[in-house]
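**Q** Fold the stuff below for me.
(chains A and B)
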Amino acid sequence: EVQLLESGGGLVQPGGSLRLSCAASGFTFTGYAMSWVRQAPGKGLEWVSATSGGGGNSYYADSVKGRFTIFRENSKNTLFLQMNSLRDEDTAVYYCAKDDWGQLSPNNYFDYWGQGTLVTVSS
Amino acid sequence: QSVLTQAPSASGTPGQRVTISCSGSSSNIGNNYAYWYQHLPGTAPKLLIYRNDQRPSGVPDRFSGSKSGTSASLAIGGLRSEDEADYYCATWDDSLNARVFGGGTKLAVL
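**A** So this is what the prediction gives:
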């Protein structure tokens, strides 16, 4: 059974940093691209970033480019999102999602999701 | 503002058939597959439809997807109370080089 468990959320001041983690199990982690998707309070889903199975390719939404970094530690079946220069508008529940295959492609989709971790950016 | 447009709400009574639409453009739905997700607040979103009209194993055949031109649709037949949730369409946008979601449609089962 595929399981994705996010952690690392919390309260952080504007301009601060936070690192999210996603522990994966139930599938061959290195074989699949992984993504982060967020949902701000009262808003819809917004894709944030994705990385290939090997971690060599990544891409980002314009709203986080240059501030967030996605990376993975395949030996530990864990996905990360390093968030720097946080803004009020980054407040959201962040979901980890598994892609349906290993390379990044326009045809990828999210076949499994975690329960999410809440990030609150506020002074 | 989302590049994919969905009505913010929809409703139906038990047993009815409801259709949720997703309108895009030639740079997204018009040139790529459409996907549908179901989301109950506080839970993990769930994949309902992939590649326009394919259902993952375990998704009831009451759920069906279609695509025509720059629009996609999700139909839910035999509506049940447990179908009350938010539904999102998604695809890739060639101009933005990004995955995009619709704004979501909140479905009420009256």
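**Q** For the most centrally placed residue in chain A, name its beta-bridge partners.
**A** Compute the mean C-alpha point of chain A, and by CA atoms, centre = their mean the closest residue is A:Trp36, 2.6 Å away. With DSSP bridges as the criterion, A:Trp36 is bridged to A:Ser49, A:Cys96.
**Q** give the contact list for it.
**A** For A:Trp36, the contacting residues are A:20, A:22, A:47-50, A:70, A:79, A:81, A:94-97, by CB atoms under 8 Å, 6 or more residues apart in numbering or on different chains. In this view, the C-beta of every residue, glycine as well, is placed from N, C-alpha and C.
**Q** so where do the strands sit in the chain?
**A** Looking at chain A here, since you left the chain open. A:3-7, A:10-12, A:18-25, A:34-39, A:45-51, A:58-60, A:68-73, A:78-83, A:92-99, A:110-113, A:117-121 (DSSP state E).
**Q** Wait, chain B was what I had in mind.
**A** Going by DSSP E, chain B shows strands at B:9-12, B:18-23, B:35-39, B:46-49, B:63-68, B:71-76, B:85-93, B:98-101, B:105-109.
**Q** got a markdown table for these, with mean pLDDT, distance to A:Val12 and mean neighbour count too?
**A** Output for these, formatted as a markdown table (pLDDT from 0 to 100; distance: least, CB to CB, whole Å; neighbours: other CB atoms under 10 Å in any protein chain shown):
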| stretch | mean pLDDT | distance to A:Val12 | mean neighbour count |
| --- | --- | --- | --- |
| strand B:9-12 | 97 | 33 | 15 |
| strand B:18-23 | 98 | 34 | 20 |
| strand B:35-39 | 98 | 25 | 25 |
| strand B:46-49 | 97 | 29 | 22 |
| strand B:63-68 | 98 | 39 | 18 |
| strand B:71-76 | 98 | 36 | 22 |
| strand B:85-93 | 97 | 27 | 25 |
| strand B:98-101 | 95 | 25 | 24 |
| strand B:105-109 | 97 | 30 | 18 |
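**Q** Might one say that B:Gly15 is in contact with B:Leu79?
**A** Yes - the criterion here is CB atoms under 8 Å, and B:Gly15 meets it with B:Leu79 at 6.1 Å.
**Q** For the two, indicate the residue with more neighbours.
**A** Applying other CB atoms under 10 Å in any protein chain shown to B:Gly15 and B:Leu79 shows that B:Leu79 carries more neighbours, namely 20 against 10.
**Q** Just confirm that one contacts B:Thr19, I think it does.
**A** No - the pair B:Leu79 / B:Thr19 is not scored as a contact, 11.2 Å apart, by CB under 8 Å.
**Q** returning to that earlier point: redo the strands of chain A as CSV? Include distance to B:Lys46 and mean pLDDT.
**A** Below are the strands of chain A laid out as CSV (distance: least, CB to CB, whole Å; pLDDT from 0 to 100):
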stretch, distance to B:Lys46, mean pLDDT
strand A:3-7, 13, 97
strand A:10-12, 26, 98
strand A:18-25, 17, 98
strand A:34-39, 13, 97
strand A:45-51, 12, 96
strand A:58-60, 24, 94
strand A:68-73, 23, 98
strand A:78-83, 19, 98
strand A:92-99, 11, 97
strand A:110-113, 7, 96
strand A:117-121, 18, 98
